[in-house]
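> I need the structure of the sequence given here:
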Amino acid sequence: MMPIRTFSAKVAKTVLAASLVFVLGSACKAQDQTQNSPASNTEESGTSTDLYIMMGSDFVRPGLAPKANYNIGIGHTFGFLKKDPIGDELTFAYTYEDGGSGFWHSQFGSHTESFGVMKNFGLPKTKRISGYTWVQIGNSTFTGSAQIQNHFYDGESLGAVVHFNDHNSIWIQETFNKIVTVPWYTTTSIGYTRSW
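Predicted coordinates for the structure are as follows:
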C-alpha cells in the first residue's frame, strides 16, 4: 500500500502538470489568434513609448511670480485603452520646481514624483498636430528648510503635440497644479519627446 504522503505528492504533480498544459495551450492558442487577427495588429500599431523632457515656467497665483519648472518622464500607450475615455497612456514623471527667490534654482525646491493617465486625440484636418489631456497624482517633497515636507500633488494638463515624424515631436502644455499646502498655480511648458 502506498503511503498517503507519496500518493498526495503524485496527485499534486499530476494536477500541476495538467494545469500547466492547459494554461500553456490556452496561451499559445491566444497568441496564434492575436498574430492572425487584423484588429489586434491595428491596436498594436497604436502603441508607443514616449520619453519626454520639458522645461517651463510656473506662474504662481496670486502674483504671477515666474519660477523654473523642469520635468522628465516616460509614458507608454496601450492599444487596448484606445477607446477608454480617461486615457490610453500611463506615465511616470519627475518634476523639479524652484521655490526660492530666484528663477532658475535655489535651496528651496519642490521635487515631485507622479503617476498619470494621458488621453491622446487627433485634431480634424491635420496629422501634424494632435492634442492630449493628462491627469497626474503624486508626492511633492519640499526641501531647503529644517524639515523635509511631503504633500499630495494633483495636476491636470491640456496640451498639443507637433509631430515632426514618427519618433520626434514637440509638446506644448498648460498645467493646473495643486499641492495641499500651496496656493494653486499654473505651469506653461514646452519640451522634446522621443517615441519608439
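> any low-confidence regions in the chain?
Along the chain, segments meeting pLDDT under 70 span 1-46, 60-64.
> quick one: the helices in it?
4-36, 38-45 (DSSP state H).
> which residues touch stretch 118-133?
Contacting residues not belonging to stretch 118-133 are listed as 75, 77, 84-91, 134-135, 156-163, 173 [CB atoms under 8 Å, 6 or more residues apart in numbering]. No exception for glycine: its C-beta is placed from N, CA and C like everyone else's.
> in strands, which of those residues appear?
If you go by DSSP state E, the contacts of stretch 118-133 have 75, 77, 89-91, 134-135, 156-163, 173 in strands.
> and these, which are buried?
75, 77, 89, 91, 134-135, 157, 159, 161, 163, 173 (16 or more other CB atoms under 10 Å).
> phi, psi for residue 166 please.
Dihedral pair for residue 166: phi -70, psi -20, per degrees, to the nearest 10.
> and it, how many neighbours?
9 (other CB atoms under 10 Å).
> report the contact partners of the nearest residue to it once chain neighbours are set aside.
Sequence neighbours aside, residue 195 is the residue nearest to residue 166 in space, at 6.9 Å (criterion: CB to CB, 6 or more residues apart in numbering). Contact analysis of residue 195 by CB under 8 Å, 6+ apart lists 48-51, 166-169.
> which of those residues are buried?
If we count by 16+ other CB under 10 Å, these have these buried: 48, 50, 169.
> so the second one sits against residue 75, correct?
Yes - using CB atoms under 8 Å, residue 50 and residue 75 qualify as a contacting pair, with a distance of 4.7 Å.
> joint contacts of these two?
residue 89.
> measure residue 57 to residue 70 for me?
Separation of residue 57 from residue 70 (CB to CB, to the nearest Å): 11 Å.
> do the same with residue 105
9 Å.
> more neighbours, these two?
The residue with more neighbours, out of residue 105 and residue 70, is residue 70; 17 against 13, by other CB under 10 Å.
> now that one, nearest residue through space, not along the chain?
residue 96 (4.8 Å).
> neighbours around the one you found, how many?
Residue 96 has 16 neighbours, counted by other CB under 10 Å.
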